[in-house]
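Participant: Requesting a structural model of the entry that follows:
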Amino acid sequence: MRHIPGVRSGPKHVIVVGGGVIGVCSAYFLARRGCRVTLLESGEIAGRQAASFGNAGLISVGHLPLPKPGLILRSFKWMFDRTSPLLIVPRLEPSLLWWLWGFARACSERQLEVSMKAIAELSRGTMELFDHFAREERVNFEYRSGGYMDVFRTEAGYRHCQQEAEFLHRYGMRDEPIPGEEARRREPALLPGVAGALWHPDSGFAVPGDFVTGVAEAARRHGAVMREHAEVANIEFRGGRASGVRLKDG
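Facilitator: Model prediction:
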């Protein structure tokens with residue numbers, strides 16, 4: 001098991017707020033390091049209204065981050081399209097305006113390079129860790145490694161994927177553009193007229209809700225306490241450091 005920077009084995013009590021995929025994985029690895037762990041979830045772990053239950057389930061190793069150069073103008077168009085990959089309902093709220101300002105600043109070449117270096121480093125051990133949960137912890141989440149394809153119906157889309165693959169290769173990713181006929185040979189279910197595909201060999205698929213509940217159960221086996229319907233009201237501070245949390249029920 002990997003070393004977690006800043007975390008030592010021992011009786012330290014760590015509170016994890018939120019029972020989504022990040023929360024349960026944090027609780028699991030902290031418990032494995034010997035910490036006393038309590039996870040607090042305001043609803044149910046992997047509840048049906050939660051993001052970690054209902055996302056697509058793709059394990060997308062090495063994908064580009066959403067904010068990138070040239071996206072600002074497209075984002076404004078997407079804001080008025082309910083089928084777009086980035087739906088933001090326009091409203092005059094300071095918090096939204098501040099978020100949009102930060103998003104715009106992130107759409108730069110410099111920030112893209114910083115983000116990709118971090119994503120590439122995190123991606124290297126991703127599939128190994130999913131293998132760990134499937135094999136060593138016996139978590140049943142319909143895990144399938146071996147990659148997947150993004151398919152493009154237009155030549156413009158396929159040219160864009162070729163540029164994306166060339167960029168990702170700089171960070172050690174193995175994404176492979178595939179011409180239309182070759183894509184159909186590999187996947188006969190594709191209809192004629194497909195312009196091409198982008199093959200992600202180091203990625204996979206899982207059922208998100210099953211993964212989250214399975215990791216939560218594995219964390220319990222290693223001593224973590226999981227408390228559902230425990231909504232955090234605020235964080236307590238002592239001497240300028242976080243010392244605990246207070247729940248809404250007191």
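Participant: where do the helices sit along this protein?
Facilitator: Using DSSP state H, the helices found in the chain span residues 21-32, 51-54, 71-78, 94-106, 109-123, 126-135, 155-169, 180-186, 208-221.
Participant: between these, which gets nearest to Ser243?
Facilitator: Closest approach to Ser243 among these (Cβ to Cβ): helix 21-32, 17.6 Å. C-beta here means a position set from N, CA and C on the backbone, and glycine is covered the same way.
Participant: tilt between the one helix or strand in the chain whose mean pLDDT sits lowest and helix 94-106?
Facilitator: When the helices and strands of the chain are scored by mean pLDDT, DSSP states H and E, helix 71-78 comes last with a mean of 74. Relative orientation of helix 71-78 versus helix 94-106 (axes from the mean of the first three to the mean of the last three Cα atoms, to 10 degrees): 140 degrees.
Participant: Now do the buried residues in helix 71-78.
Facilitator: Counting neighbours by 16 or more other Cβ atoms under 10 Å, one finds that the buried residues in helix 71-78 are Leu71, Ser75, Trp78.
Participant: Closest one to Asp175 out of these, please.
Facilitator: Nearest to Asp175 among these, with distances taken as Cβ to Cβ, is Leu71, at 19.4 Å.
Participant: ok, now how distant is that closest one from His222?
Facilitator: From Leu71 across to His222, the span is 41 Å (Cβ to Cβ, to the nearest Å).
Participant: Low-confidence ranges, the chain, go.
Facilitator: Counting by pLDDT under 70, the chain has low-confidence residues at 1-11.
Participant: if you set the cut-off to 90 instead, what comes out?
Facilitator: For the chain, the stretches with pLDDT under 90 are 1-12, 46-57, 60-97, 99-101, 103-105, 122-125, 146, 240, 242-244, 249-250.
Participant: which of the buried residues of helix 71-78 lies closest to Pro177?
Facilitator: Pro177 has its nearest neighbour among the buried residues of helix 71-78 in Leu71, at 21.2 Å by Cβ to Cβ.
Participant: wait, doesn't the closest one sit right on Ala106?
Facilitator: No - Leu71 lies out of contact with Ala106 (Cβ atoms under 8 Å); the separation is 9.2 Å.
Participant: related to what we said a few turns ago, which one of the helices of the chain lies nearest to Leu87?
Facilitator: Across the helices of the chain, Leu87 has its closest neighbour in helix 71-78 (6.9 Å, Cβ to Cβ).
Participant: Quick one: residues in contact with that closest one.
Facilitator: Applying Cβ atoms under 8 Å, 6 or more residues apart in numbering, the external contacts of helix 71-78 come out as Ser84, Pro85, Leu86, Leu87, Ile88, Phe103, Ala104, Cys107.
Participant: go with 6 Å
Facilitator: Ser84, Leu86, Ala104, Cys107 (Cβ atoms under 6 Å, 6 or more residues apart in numbering).
Participant: Please indicate which of these are buried?
Facilitator: Neighbour counting with 16+ other Cβ under 10 Å marks Cys107 as buried within those.
Participant: JSON lines please, covering the contacts of helix 71-78 and showing distance to Ala233.
Facilitator: Converted to JSON lines, these look like this (distance: Cβ to Cβ, whole Å):
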{"residue": "Ser84", "distance to Ala233": "35"}
{"residue": "Leu86", "distance to Ala233": "31"}
{"residue": "Ala104", "distance to Ala233": "33"}
{"residue": "Cys107", "distance to Ala233": "35"}
